[in-house]
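Peer 1: Below are the sequence and a predicted model for it; my questions follow.
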Amino acid sequence: MDGLEFKFQEESFNKLFPYFILIDAAFQIVGFGKSIAKICPDLKANVPFNAFFILKRPQAETNTFDALLHFSNQLVVIESNADGVALRGQFEFLNGQLLFVGSPWFNSMNEVVERSLTINDFAIHDPLLDLLHVLKNQEISAKELKETLITINKQKNDLKKANKEIHDIALFPTQNPDPLIRIDFDGNLIKRNPAAETLLSFIHEGREYDAATFFKIISPQIDVDQERYIFETQSGSKDYSFVCKSLKEEKYINIYGRDITEQKRNRAELERLSLVASSNENGIVFTYPDGTIFWCNDAYTNLTGFPKEFILGKTPIEIGKCEHTNTEDFSKMLTPFYKGEPFEVELIHGKKDGSHFWSRTKGQPIFDEQGKVKQYFAMLEDISLKKRYDESLEKEKSKYQSIIANMNLGLLEVDLNDVITLSNNSFNEMSGYASEELVGKKAAELLMPSESQKIILSKNDTRKQGVTDSYEIKIFNKKGEKRNWLISGAPNYDLNGNVIGSIGIHLDITEQKAQEEQLLMLSLIAEKNINAVLIADKNGLIEWANTSFLGMSGFSMEEIIGKKPGHLLQGPETNPETVIYLKDRIQKGLPFNCEIVNYSKAGKKYWVSIQGQALYNKKNEIVKFFAIEENITKKKELEQQREFLVDSLAKSNKELEDYAAIVSHDLKSPLRSIHSLITWIKEDNDKEFNPQTLQYLGMMENKVEKMDHLIEGILTYAKIDKADVAMENINTHEIVQNIINIIHIPPHISVTIKNSLPVIKGDRFRIQQLFQNIISNAVNYIDKPSGIVEIDCQSMPKHYVFSIKDNGPGIAKDNQEKIFKIFQSLGSSDKSTGLGLSIVKKIIDLYQGEIWIESEINQGATFYIQLNK
């Protein structure tokens, strides 16, 4: 049968499928059967499908062409928006369009008559009319069944309600018409209400017993560990149902009775009527309003695997729940159930053997004469096969959506009024708008300036004439950015060949236009450019060069045309990595920027800086390459000289550091000798020298010590910005606390840290020098009987500000900059070398920080240090 092709005339197709609907890719109805026009008189062609119909089942999130395509090759139900007429059939995807074939979904022959339909309005093979005749006969039987069920269920509901009322009371009200009995665990009668006292005897297993004997016989059968125990018996001419509630702590059993004579008769009738439901291939259950199952057919036991004895008295949820069931699906069933509403839900249903299947449960409430729910009818259907098919279809849909999503050209469909009907992801990305922001809007008014709108209007007229062409246009995207688009437009036809709009393929050529404009501008100035300008074709062969290039390279125009620049200019010292970089960028059509060694025709080496890019046509194809070369030979020579000077300076700094260390050692060595000699002289002549001589010797020791500190300070000052700066996390709180512990602080001076100090990035040795010098400076200059030094810090967005506050003599404003200069000291302290604060300033400068003072004479001073985070 491979290769067969069927062709139909419209009349022949109407005979086979008088209720067909044909939908094009733009979601427009382009044709329909003759009979569908009778049940949907307002239906017409060339209008959107969703203007007349919705997909009723299966349910879809959106009513679109793609949504209907997803449900092709399966049973669907569509419904008219106008009068709710339902059609049952299937969608088939044919030649880019969707074909719906089916027939009306009527519930009775009355609907056929009301719409003036005859047998000629249906296909010969359509069984609908036959089914409706059968359904009519079933309706007559069902009506009788329903009336009987209503009576039976009313009585069941009354009994259920009474049982609940009995269960809720603890005592035995005398006005209760139902028998209420209390016995102990041995069956002895404890208490009865008046209604129970009228029951003098009971029939049990064919024998009649008086009340006292009966309950002694029945009590051993009552399981006191169960929540409730139910038994039925006869008393006189009536049937009774008794519910036993055991109260273990009190050691007695409450027995609540109910006359079920009428109910038993109705139950027998229900069992007779339920034979009708037994023949259904789907599972059928009847439940009480609380969900408890009181009847099920054999199909339900076959589907679930449970026997009827287990099912009866349970709820459908207790039967069907398993580890694979989504509990949220139960709420879709329980919410309408407790509201007394119909429901339909799909969920994973468990079986007795531990397996599971996908099920669809449809529930329908049955109401009594007062409009209250007295029963629920539910049908359980195995839809596992359908689910597997749906999953397979979903995978295919995902593949299709992936292809559409990855298209790199913008697609837009508009109708004859320029109203957007469809856009793909690439167009959405180009324009900046989402599909829902585009559909229904006029394309020109939304995207284009006035001059472009005129072009679009003229193109719309051209499309009506069936003309296809391409053109460039300026638009504004959602961000307000001006862009250039290349549009290839074509008319969009319906199945009858009528133009219904246009389809456009859009390409953003903004960058290409900019390159073309740049090339035009460059071509005007290239000849006058002092730099070399080169233009090559798409294969990299030189087409043109300016005089600067010819002068730099030494070649004539005739010698370079048709040659590759690399073959002409590269030599032994050309960097291979740079050559690879250029080849890679050129092959990919990407801009390039690098420095490279070239050789002239005479073999002279020179350095050039190259900047270039590919130029594209409207089809986004490379057509040329453009490059500018700047001779940077002198710049390279200067860079080499600078590197030589930097190396020389580094060498000089190293030699200077070595020299400073030698000088420091050579100066400190005699100072230590002098200090030792003075010490020996004082020790040997301590009793011979008078006080003034000892004072002179002490002054000499202080001067020697100060000289030692001065030399050490000079060496430190010289090394601050010479050594490498290590960057690590420094806990300044820990640093300052250690300084307080190691420096000499007189007893009358208090040094405190007000708040926790932060962790900063820096060199531990330099940070310690900074804080030690400034804290020591504050301590040394305090002149008050009770000295105070406070260290604090504030955190700013980009930096920390440390403060060191003292109550010393203060610093005049004229001297607040002077103190940071080398060898500048304002006091006469023997310990001052004039280097401490200059070292602080140099460390802060090294870290690009700041230091300043707030002070008044005799009011103390506060040093502020700002360090970046």
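Peer 2: In hand now; what should we look at? Residues are numbered from 1 along each chain as shown.
Peer 1: What sits closest to residue 281 if chain neighbours are left out?
Peer 2: Among residues not flanking residue 281 along the chain, residue 299 sits closest, at 5.7 Å (Cβ to Cβ, 6 or more residues apart in numbering). All C-beta atoms are positioned from the backbone trio N, CA, C, and that covers glycine.
Peer 1: Wait, a helix at the one you found?
Peer 2: Yes - under DSSP: H, G, I helix; E, B strand; the rest coil, residue 299 sits within a helix.
Peer 1: does it really touch residue 285, like I thought?
Peer 2: No - the pair residue 299 / residue 285 is not scored as a contact, 10.2 Å apart, by Cβ atoms under 8 Å.
Peer 1: So which of these two has more stuff around it?
Peer 2: residue 285 (24 against 20; other Cβ atoms under 10 Å).
Peer 1: Return the per-residue confidence for that one.
Peer 2: pLDDT, residue 285: 91.
Peer 1: is it in a bridge, and if so with what?
Peer 2: On the basis of DSSP bridges, residue 285 is bridged to residue 296, residue 378.
Peer 1: close enough to count as contact, it and residue 298?
Peer 2: No - using Cβ under 8 Å, residue 285 is not in contact with residue 298, being 11.8 Å away.
Peer 1: Nearest residue to residue 686 in space, please, no chain neighbours.
Peer 2: residue 694 (7.9 Å).
Peer 1: just residue 263 next, same as before
Peer 2: The shortest distance from residue 263 to any non-neighbouring residue, by Cβ to Cβ, 6+ apart, is to residue 155 (4.9 Å).
Peer 1: Name the SS class of the one you found, please.
Peer 2: Applying three-state DSSP: residue 155 is helix.
Peer 1: on that earlier part again, how much space between the residue nearest to residue 281 and residue 550?
Peer 2: 95 Å (Cβ to Cβ, to the nearest Å).
Peer 1: just residue 368 next, same as before
Peer 2: 106 Å.
Peer 1: farthest residue from the center of this protein?
Peer 2: residue 688 (93.9 Å; Cα atoms, centre = their mean).
Peer 1: can I assume that one sits in a helix?
Peer 2: No - Residue 688: not assigned to a helix; according to three-state DSSP it is coil.
Peer 1: per-residue confidence at it?
Peer 2: Residue 688 is assigned 78 on the pLDDT scale.
Peer 1: next one: residue 845
Peer 2: At residue 845, the pLDDT value in this model is 90.
Peer 1: burial measure for it, as a count.
Peer 2: Count around residue 845 with other Cβ under 10 Å applied: 14.
Peer 1: Report whether it is found in a strand, as I expect.
Peer 2: No - under three-state DSSP, residue 845 sits outside any strand and is assigned helix.
Peer 1: just the helices in the stretch 51-200 of the chain please.
Peer 2: For the stretch 51-200 of the chain, the helices defined by DSSP state H, counting those that start in this stretch occupy 65-70, 109-114, 128-168, 194-197.
Peer 1: Could you tell me the least trusted of these?
Peer 2: helix 128-168 (a mean of 66).
Peer 1: need the next SSE after the helix or strand where the residue nearest to residue 686 lies, C-terminal direction.
Peer 2: Assigned by DSSP states H and E, residue 694 belongs to helix 691-719. Counting by DSSP H and E, the next helix or strand C-terminal to helix 691-719 is strand 728-731.
Peer 1: Partner strands of that following strand, with direction?
Peer 2: By DSSP bridges, strand 728-731 pairs with strand 759-762 (antiparallel).
Peer 1: Buried residues in the strand it pairs with, which are they?
Peer 2: By neighbour count on 16 or more other Cβ atoms under 10 Å, the buried set for strand 759-762 is 760, 762.
Peer 1: Give the rounded mean pLDDT of that strand.
Peer 2: On average, the pLDDT along strand 759-762 is 92.
Peer 1: ditto for stretch 587-605
Peer 2: So the average pLDDT for stretch 587-605 ends up being 94.
Peer 1: Endpoints of it, how far apart?
Peer 2: With Cα to Cα, to the nearest Å as the measure, stretch 587-605 spans 27 Å from end to end.
Peer 1: how far out from the middle of the chain is it?
Peer 2: 47 Å (Cα atoms, centre = their mean, to the nearest Å).
Peer 1: go on, stretch 321-328?
Peer 2: With Cα atoms, centre = their mean, you get 27 Å for stretch 321-328.
Peer 1: what does stretch 773-789 give?
Peer 2: Centre to centre, stretch against its chain (Cα atoms, centre = their mean), the figure for stretch 773-789 is 60 Å.
Peer 1: Check stretch 114-124 too.
Peer 2: The mean C-alpha position of stretch 114-124 is separated from the chain mean by 54 Å, Cα atoms, centre = their mean.
Peer 1: Okay, buried residues for it please.
Peer 2: 115, 117, 121, 122, 123.
Peer 1: who's in contact with residue 77?
Peer 2: 55, 56, 57, 86, 87, 88, 105 (Cβ atoms under 8 Å, 6 or more residues apart in numbering).
Peer 1: If the third one is in a bridge, with which residues?
Peer 2: When bridges are taken as DSSP bridges, the partners of residue 57 come out as residue 77.
Peer 1: just checking, it touches residue 76?
Peer 2: Yes - using Cβ under 8 Å, residue 57 is in contact with residue 76, at 6.6 Å.
Peer 1: Compare the two (neighbour count), which wins?
Peer 2: residue 76 (20 against 14).
Peer 1: just to revisit the earlier point, now the residue farthest from the centre of the chain, what are its backbone angles?
Peer 2: With angles defined as degrees, to the nearest 10, residue 688 sits at phi -90, psi -30.
Peer 1: So it versus residue 694, what's the distance?
Peer 2: 10 Å.
Peer 1: do residue 575 as well
Peer 2: 77 Å.
Peer 1: Likewise for residue 473?
Peer 2: Distance of residue 473 to residue 694, computed by Cβ to Cβ: 104 Å.
Peer 1: for the stretch 201-350 of the chain, what are the low-confidence residue spans?
Peer 2: Along the stretch 201-350 of the chain, the parts satisfying pLDDT under 70 run over 266-279.
Peer 1: Break down it into its strands, ranges please.
Peer 2: Applying DSSP state E, counting those that start in this stretch to the stretch 201-350 of the chain gives strands spanning 201-204, 207-210, 229-235, 238-247, 252-259, 283-287, 293-296, 343-350.
Peer 1: Same question for the stretch 701-850 of the chain.
Peer 2: Residue ranges of the strands in the stretch 701-850 of the chain, as given by DSSP E, counting those that start in this stretch, are 728-731, 749-753, 759-762, 787-795, 799-806, 850-855.
Peer 1: out of the ones you listed, which comes closest to residue 34?
Peer 2: Taking Cβ to Cβ, strand 787-795 is the member of these nearest to residue 34, at 83.8 Å.
Peer 1: Excluding covalently adjacent residues, which one is nearest to residue 300?
Peer 2: Nearest residue to residue 300 in three dimensions, chain neighbours excluded: residue 283, at 3.3 Å (Cβ to Cβ, 6+ apart).
Peer 1: just residue 788 next, same as before
Peer 2: What sits nearest to residue 788 in space, not counting adjacent residues and going by Cβ to Cβ, 6+ apart, is residue 807, at 4.9 Å.
Peer 1: Just give me the neighbour total for the one you found.
Peer 2: Residues near residue 807, counting by other Cβ under 10 Å: 19.
Peer 1: Just list the residues touching it, thanks.
Peer 2: Residue 807 is in contact with 782, 784, 787, 788, 860, counting by Cβ under 8 Å, 6+ apart.
Peer 1: if we go to 6 Å?
Peer 2: Shown in contact with residue 807 (Cβ atoms under 6 Å, 6 or more residues apart in numbering): 784, 788, 860.
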